[in-house]
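K.L.:
sequence first, predicted coordinates after that:
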Amino acid sequence: MCTRSIVGLMVALACAGVAAEGPATLEVVVPEGTVSVGDRVPVRVVARGGDGLLWGELRVVVPTGGPWEVVDGPQTVAGARPPAWQVELAPMELGEVPLPDFQVTVRPPDGEPQDVTPASTPSLQVASVLPTDQEAEPAPLKDPVGVEGFPWEWLVPALMVLVPLVAVAAWWLRRRRSKISTDPAFRLPPLEQLKALLEELEPRIGREPAEGLCDRLASGFRRYLERRTGEPALEMTSFELRGLARGRGWPEAVQRSIHRVMEVADGVRFGRKRVVEAELKAAVSAAGEAASDLEHHLDALEQRLEAAS
């Protein structure tokens, strides 16, 4: 993560006992610059001033469906003096997004507890994972479905027909899954499994919704990376995958292909971006190229290790 800048959040405590010890403040350390949608953003909150106060736990107020999600924490930084807390947040909206509210309860030795809350809320600039020359268009909202005029008299006959059909379909799916689990074709090596998925996805481009195709592309590509490298790629964000590729010293071509795959997939899934068929086909192709280049790199590395041993 790039150099951090410190945004001071001054919080005055309206308490005579606290004022005698000097004003208490919270200092929030956030990454400098722009982050992307879905990135894990480390935030460090540090207690300043308020000598003699007993500091409680940090609370992060994140509304359901809001612009931020708590990925990890908050956790108290062990041994930190003054007290400090660490929390990881993920932005879910684009633009200048205010951070959520932070709260810490402090207790003077001989007074009532007080909640420390920020006097102002800092913001982070959140960018799309797609190129800047492409404008994101939100998907149109569907009209609400009403219940007026519903033919309730048909409900019972319809259920009498549908319930047996659902039972038969469930039985068929269980048999199919059982067959798949024992079929040697579904126990392919990582690269062959990914290639089979890409060959299945490409002809579906333009005929099926892009969101579903991008979900399968992203999860299948992550599954390949996890099986081939042993890294928990299925649990990583796109930002962490790019960091993994850089940290492991994978070839630049592999890093570029990973970036291309994830920026298209995340743009469609999280940014509700409409993409043309050529972009989806390029992302599918980039996944195959990344896997092939990575195989060559890892094979060469394994050969050097065997020769050295």
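P.N.:
That came in fine, so what should we check first?

K.L.:
would you map the helices across the stretch 201-309 of the chain?
P.N.:
For the stretch 201-309 of the chain, the helices defined by DSSP state H, counting those that start in this stretch cover 210-229, 238-247, 252-269, 277-308.

K.L.:
from residue 72, how far out is the nearest residue to residue 41 once chain neighbours are set aside?
P.N.:
Leaving aside its chain neighbours, residue 41 sits nearest to residue 89 (5.0 Å; criterion: Cβ to Cβ, 6 or more residues apart in numbering). Bear in mind the C-beta positions are built from the backbone N, C-alpha and C, glycine included. Using Cβ to Cβ, to the nearest Å, we find residue 89 at a distance of 9 Å from residue 72.

K.L.:
residue 78 too?
P.N.:
15 Å.

K.L.:
okay, these two: which has more neighbours?
P.N.:
residue 72 (12 against 6; other Cβ atoms under 10 Å).

K.L.:
which neighbours do residue 89 and residue 72 share?
P.N.:
residue 40 (Cβ atoms under 8 Å, 6 or more residues apart in numbering).

K.L.:
show me this protein divided up by domain.
P.N.:
4-127, 188-308 (automatic domain parsing).

K.L.:
could you tell me the least trusted of the ones you listed?
P.N.:
Note on the domains of the chain: domain 4-127 shows the lowest mean pLDDT, a mean of 73.

K.L.:
next one: it to chain centre, how far?
P.N.:
21 Å (Cα atoms, centre = their mean, to the nearest Å).

K.L.:
next one: stretch 241-260
P.N.:
Distance, centroid of stretch 241-260 to centroid of chain: 18 Å (Cα atoms, centre = their mean).

K.L.:
residue 59 sits in which helix or strand?
P.N.:
strand 54-61 (DSSP states H and E).

K.L.:
now residue 210, nearest residue through space, not along the chain?
P.N.:
residue 268 is the one closest to residue 210 (Cβ to Cβ, 6+ apart), at 5.1 Å.

K.L.:
should've said residue 225
P.N.:
residue 233 (3.9 Å).

K.L.:
now swap in residue 283 and tell me
P.N.:
That would be residue 264: by Cβ to Cβ, 6+ apart, it lies 4.0 Å from residue 283.

K.L.:
show me what contacts the one you found?
P.N.:
Neighbours of residue 264 in contact, by Cβ under 8 Å, 6+ apart: 130, 214, 275, 279, 280, 282, 283.

K.L.:
from those residues, pick the one nearest residue 194.
P.N.:
Ranked by distance to residue 194 (Cβ to Cβ), the contacts of residue 264 are led by residue 283 at 13.3 Å.

K.L.:
wait, that closest one sits on residue 218?
P.N.:
No: assessed by Cβ atoms under 8 Å, residue 283 is found out of contact with residue 218, at 9.3 Å.

K.L.:
okay, those two: which has more neighbours?
P.N.:
Of the pair residue 283 and residue 218, residue 283 is the one with more neighbours under other Cβ under 10 Å, namely 27 against 22.

K.L.:
secondary structure class for residue 75?
P.N.:
Assigned by DSSP: H, G, I helix; E, B strand; the rest coil, the conformation of residue 75 is strand.

K.L.:
what about it, how many neighbours?
P.N.:
Neighbours around residue 75, by other Cβ under 10 Å: 13.

K.L.:
is it in a bridge, and if so with what?
P.N.:
Judged by DSSP bridges, the bridge partners of residue 75 are residue 86.

K.L.:
ok, it - contacts?
P.N.:
By Cβ under 8 Å, 6+ apart, the neighbours of residue 75 are 85, 86, 87.

K.L.:
for residue 170, see how far away residue 273 is.
P.N.:
Residue 273 is 35 Å from residue 170, by Cβ to Cβ.

K.L.:
who has more neighbours, these two?
P.N.:
Counted by other Cβ under 10 Å, residue 273 and residue 170 do not tie: residue 273 has more neighbours, with 23 against 10.

K.L.:
for the closest residue to the more buried one other than its chain neighbours, give its distance to residue 261.
P.N.:
Computed as Cβ to Cβ, 6+ apart, the closest residue to residue 273 that is not its neighbour in sequence is residue 267, at 4.0 Å. Spatial separation of residue 267 from residue 261 under the definition Cβ to Cβ is 11 Å.

K.L.:
re earlier: quickly run through the sheet partners of the strand holding residue 59, with directions.
P.N.:
strand 101-107 (antiparallel).

K.L.:
give the next helix or strand downstream of the strand it pairs with.
P.N.:
Next element after strand 101-107 (DSSP H and E): strand 114-116.

K.L.:
the residue nearest to residue 41 in helix, strand or coil?
P.N.:
strand.
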